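Trainee: test case, fold it:
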Amino acid sequence: MLGKVSITMQAVAKLPFDLDVMLSRIAEAVAPYPKAAMFDLYEQGYTSLFEQLLSCIISIRTLDETSIPVSLRLFAKARTPEQLLRLTPQELEALLHGSSYPGQKAYTMLGIAKTAVEQYKGELPADFKVLTDLKGVGPKCANLALGVAAQVPAISVDVHVHRVVNRWGYIKASHPEKTLLQLELKVPQEKWIDINRLLMPFGKHICTGSAPHCSTCPVLNYCQQVGVTKHR
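Mentor: Numbering: from 1, shown residues only. Down below sits the predicted model:
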């Protein structure tokens with residue numbers, strides 16, 4: 001009963017939506033937590049578009065706690081398309097062990113490396129269409145790699161971003177792809193990269209899928225708590 005009362009009371013006292021203030025508060029709130037995998041790897045020096053694209057592929061259906069060490073193991077052997085192509089599919093699959101579908105990801109990576117060498121002299125261009133034309137590369141990975149490695153304004157919507165902005169009531173979309181399109185219309189371009197950088201750890205550690213930490217949320221007064229039936 002108390003939980004229901006608290007949710008009702010919170011819903012009455014909402015403030016007008018202010019993305020600048022919200023992102024600022026979220027940045028402070030997530031500071032103690034690990035960074036999203038690709039931003040972490042970038043700060044460790046893995047800054048090329050090729051490296052970032054590979055790390056995003058590794059992260060598909062794989063937790064950051066696994067994605068980062070797998071990426072580091074791969075980069076210890078190969079950081080460029082030329083170096084990757086010296087590995088056999090079996091060697092590459094072994095390096096990707098621990099991530100989901102390592103054999104499929106090895107095949108995807110070798111195809112990307114081959115295209116990079118044959119068509120772009122080993123340097124993938126910072127171009128969304130070029131990246132999404134690569135077999136196995138979707139909008140999420142293309143945008144995330146472009147945003148992190150090339151600082152190209154891009155929004156990447158993973159499960160955390162999708163959940164958070166729809167829970168806020170800022171977006172109303174049934175799928176991440178539709179959330180992406182709406183965010184691109186509503187969010188100023190200079191904040192596009194921040195959407196994944198901040199909302200991924202926010203969604204993972206604070207605005208969690210079940211029983212979110214509403215009692216300590218820094219943006220509770222702006223959140224409509226759409227779909228929240230219980231919280232901590």
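Trainee: A helix includes Q52, no?
Mentor: Yes. Assignment of Q52 by DSSP: H, G, I helix; E, B strand; the rest coil places it within a helix.
Trainee: could you report the neighbour count for it?
Mentor: 25 (other Cβ atoms under 10 Å). All C-beta spots, glycine's among them, are computed from the backbone N, C-alpha and C.
Trainee: for it, what are its contacts?
Mentor: By Cβ atoms under 8 Å, 6 or more residues apart in numbering, the contact set of Q52 is 38, 41-42, 46, 144-145, 148-149.
Trainee: what's the answer for V21, then?
Mentor: Y222.
Trainee: now it, what's its secondary structure?
Mentor: For V21, the secondary structure call by three-state DSSP comes out as helix.
Trainee: how close does it get to K140?
Mentor: 27 Å (Cβ to Cβ, to the nearest Å).
Trainee: please identify which of the contacts of Q52 is nearest to E123.
Mentor: Checking those against E123 with Cβ to Cβ, the nearest one is A149 at 11.6 Å.
Trainee: so which elements touch the strand or helix carrying that closest one?
Mentor: A149 belongs to helix 139-150 when elements are defined using DSSP states H and E. Packing partners of helix 139-150 (3 or more Cβ pairs under 8 Å, 6 or more residues apart in numbering; DSSP states H and E): helix 37-43, helix 49-59, helix 128-133, helix 176-186, helix 192-205.
Trainee: run the last query once more with 7 Å
Mentor: Contacts defined by 3 or more Cβ pairs under 7 Å, 6 or more residues apart in numbering; DSSP states H and E place helix 139-150 against helix 37-43, helix 49-59, helix 128-133, helix 192-205.
Trainee: which residues make contact with the longest one from outside it?
Mentor: Helix 192-205 is contacted from outside by 23, 26-27, 29-30, 33-36, 39, 144, 147, 153-156, 158, 160-161, 163-164, 183, 187, using Cβ atoms under 7 Å, 6 or more residues apart in numbering.
Trainee: is K14 in a helix, a strand, or coil?
Mentor: Per three-state DSSP, K14 ends up coil.
Trainee: residue contacts, the nearest residue to it once chain neighbours are set aside?
Mentor: Sequence neighbours aside, N221 is the residue nearest to K14 in space, at 6.2 Å (criterion: Cβ to Cβ, 6 or more residues apart in numbering). By Cβ under 7 Å, 6+ apart, the residues touching N221 are 13-15.
Trainee: output these in JSON lines; the columns should cover distance to K129, neighbour count and pLDDT.
Mentor: JSON lines is the format used below for the contacts of N221 (distance: Cβ to Cβ, whole Å; neighbours: other Cβ atoms under 10 Å; pLDDT from 0 to 100):
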{"residue": "A13", "distance to K129": "45", "neighbour count": "8", "pLDDT": "74"}
{"residue": "K14", "distance to K129": "40", "neighbour count": "14", "pLDDT": "90"}
{"residue": "L15", "distance to K129": "40", "neighbour count": "12", "pLDDT": "94"}
